[in-house]
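Trainee: Sequence first, then the predicted structure, then my questions.
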Protein chains: 2
Amino acid sequence: MSQEKTATTEAAKPLATKGKKVRADAQRSTDTLLETAKKVFATSGVDAPVREVAEAAGVGIGTVYRNFPTRADLVAGVFRREVDACVAEAAELSDAHPPCEALSLWLHRYTQFIATKKGLASALHSGDPAFATLPDYFRENFEPALAALLDRAAKAGDINDSTDPYDLLRAIGNLSVASGEDSAAHIRRMVDLLINGLRFGAVDADRGMATPKNA
Amino acid sequence: MSQEKTATTEAAKPLATKGKKVRADAQRSTDTLLETAKKVFATSGVDAPVREVAEAAGVGIGTVYRNFPTRADLVAGVFRREVDACVAEAAELSDAHPPCEALSLWLHRYTQFIATKKGLASALHSGDPAFATLPDYFRENFEPALAALLDRAAKAGDINDSTDPYDLLRAIGNLSVASGEDSAAHIRRMVDLLINGLRFGAVDADRGMATPKNA
DNA sequence: TGACATACGGAACGCTGTTCCGTATATGAA
DNA sequence: TTCATATACGGAACAGCGTTCCGTATGTCA
């Protein structure tokens, strides 16, 4: 999404960032690296060699490691940026659509966000310390956003309120790593199935399924 | 599950196996390697070095590569074996329980099967040719098994028949890679939610949800 | 028993991530 | 502006990985 907008997201900081002053060239390197890494990862996958990112960014390998202690830190930095972007869209949709529609719309949008991060899925659970804070970051940003959407829909009587936002976040996130011929359609169907699950027993139940019943 | 039973599953063959005769020691190496690799992967993760498997199996590295052209082939071989085991259980459960119960039971069993293969999830979509046939193998074995379970439950009027077995297989498989503090409970809840989705609009709908509505 | 195809073992290769350190540069004081 | 110094940069070098290669050992069949 978007162009380059000289991204200065504060969340993308991998290092401690302990109040100290950062030299201008270092800051520039960090930004360039995040920007470049995002593209390289999109092109060659998250397994792309660090050297490839370094070369694409026009910096030496030492510079990469000075700004990101570990390869995983670089990956995590890129990830954080994209989380920010997706969360922002949640608020926008919530403002622009009716409760249940906004919920459905964002859930499917979130689905696409995750789909571009299949390679990360396994890394997240690899025990690498650089990824340790990612689940928290993920949750702290996504959960409130989804909670708001769910809340509106529940208050409107469209869904029952027995499902935890974080549960749904994880479930759809996991669902969205699916790939294959018709993965996009598959994911859409499964998310709709989950939404039907939410509507099962709701005040206004049976008002219509999320998608046509038959193929 | 099970002990060692000198496993001779025919499905675990990575090579072409073109009718030719195989020397006894080679056959033994293949079996030992699969057996050992399974344990090593369970202990050190699927990322365990090939050398570690070789050492644990008491063979040289060259032997591993003679029996499994690629590291991925070894991983795939282990995977196939475990698919066989899980599919077998599906039939057993179907014979021993009422339709909807058997379905639910196996779905949760399947969940545990997948949970031990988190590391594989990303590898499957890595484009590695050794994994290319795995999705087919997976589907060819699991789909009929689940289809039978679903069919029984649908005929009993417990669920609607609008959901494709393979869809469900993939969905739950993806759901089951979840990890974290309460991942087991989370997965259980989400599978139940999916099952409720199946029951939404069924002949005997509203006969009771798969799990208590509230926490 | 012998001959030959086959399998075995492990040194060696190329590609990773990562470390190290001499060199270059930004920053703040004079 | 000029200098001193902390900081950042670049890339050679190292360790660990998957994989290849080939001399040696071992089944198999006559």
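Mentor: Received it, and whenever you're ready, just let me know what you need. Numbers count the residues shown, from 1 in each chain, chains lettered A, B, ... in the order given.
Trainee: Contacts only, for the closest residue to chain B within chain A.
Mentor: Of the residues in chain A, the one nearest chain B is residue A:122, at a distance of 3.6 Å by CB to the nearest CB. Yep, even glycine has a C-beta here, placed from its N, CA and C like the rest. Taking CB atoms under 8 Å, 6 or more residues apart in numbering or on different chains as the definition of contact, the neighbours of residue A:122 are B:118, B:119, B:121, B:122, B:123.
Trainee: Reformat these as a markdown table; add pLDDT.
Mentor: Written out in a markdown table, the entries for the contacts of residue A:122 read as follows (pLDDT from 0 to 100):
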| residue | pLDDT |
| --- | --- |
| B:118 | 78 |
| B:119 | 75 |
| B:121 | 73 |
| B:122 | 72 |
| B:123 | 76 |
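Trainee: ok, then the element right after the lowest-mean-pLDDT helix or strand in chain A?
Mentor: Of all the helices and strands that make up chain A, helix A:118-124 has the lowest average by mean pLDDT, DSSP states H and E, namely a mean of 75. Towards the C-terminus, the helix or strand next in line after helix A:118-124, according to DSSP states H and E, is helix A:134-155.
Trainee: And the contacts of that following helix?
Mentor: By CB under 8 Å, 6+ apart, the residues outside helix A:134-155 that reach it are A:11, A:76, A:79-80, A:83-84, A:86-87, A:90-91, A:93-94, A:99-100, A:102-103, A:106, A:110, A:124, A:159-161, A:163, A:165-166, A:168-169, B:180.
Trainee: What residues sit buried inside it?
Mentor: Along helix A:134-155, the positions that meet the burial threshold by neighbour count (16 or more other CB atoms under 10 Å in any protein chain shown) are A:134, A:137-138, A:141-143, A:145-146, A:148-150, A:152-154.
Trainee: Show the subsequent helix or strand relative to it.
Mentor: helix A:165-175.
Trainee: what angle sits between the next helix or strand after that following helix and helix B:165-175?
Mentor: Using DSSP H and E, the helix or strand that follows helix A:165-175 towards the C-terminus is helix A:183-199. For helix A:183-199 and helix B:165-175, the angle between their directions (axes from the mean of the first three to the mean of the last three CA atoms, to 10 degrees) works out to 80 degrees.
Trainee: can you list the residues of chain A near DNA strand C?
Mentor: With CB under 7 Å from any atom of the strand as the criterion, chain A meets DNA strand C at residues A:21, A:23-25, A:47-51, A:61-62, A:65-66, A:69-72.
Trainee: mind running it again at 6 Å?
Mentor: Within chain A, the positions lying close to DNA strand C (CB under 6 Å from any atom of the strand) are A:21, A:23, A:24, A:25, A:49, A:50, A:51, A:61, A:62, A:65, A:70, A:71.
Trainee: Switch those residues over to TSV; also include distance to residue A:41, secondary structure and pLDDT.
Mentor: Below are the residues of chain A next to DNA strand C laid out as TSV (distance: CB to CB, whole Å; DSSP: H, G, I helix; E, B strand; the rest coil; pLDDT from 0 to 100):
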residue	distance to residue A:41	secondary structure	pLDDT
A:21	30	coil	78
A:23	26	coil	94
A:24	26	helix	94
A:25	24	helix	95
A:49	11	coil	98
A:50	11	helix	98
A:51	14	helix	98
A:61	17	helix	98
A:62	21	helix	98
A:65	17	helix	98
A:70	15	coil	97
A:71	11	helix	97
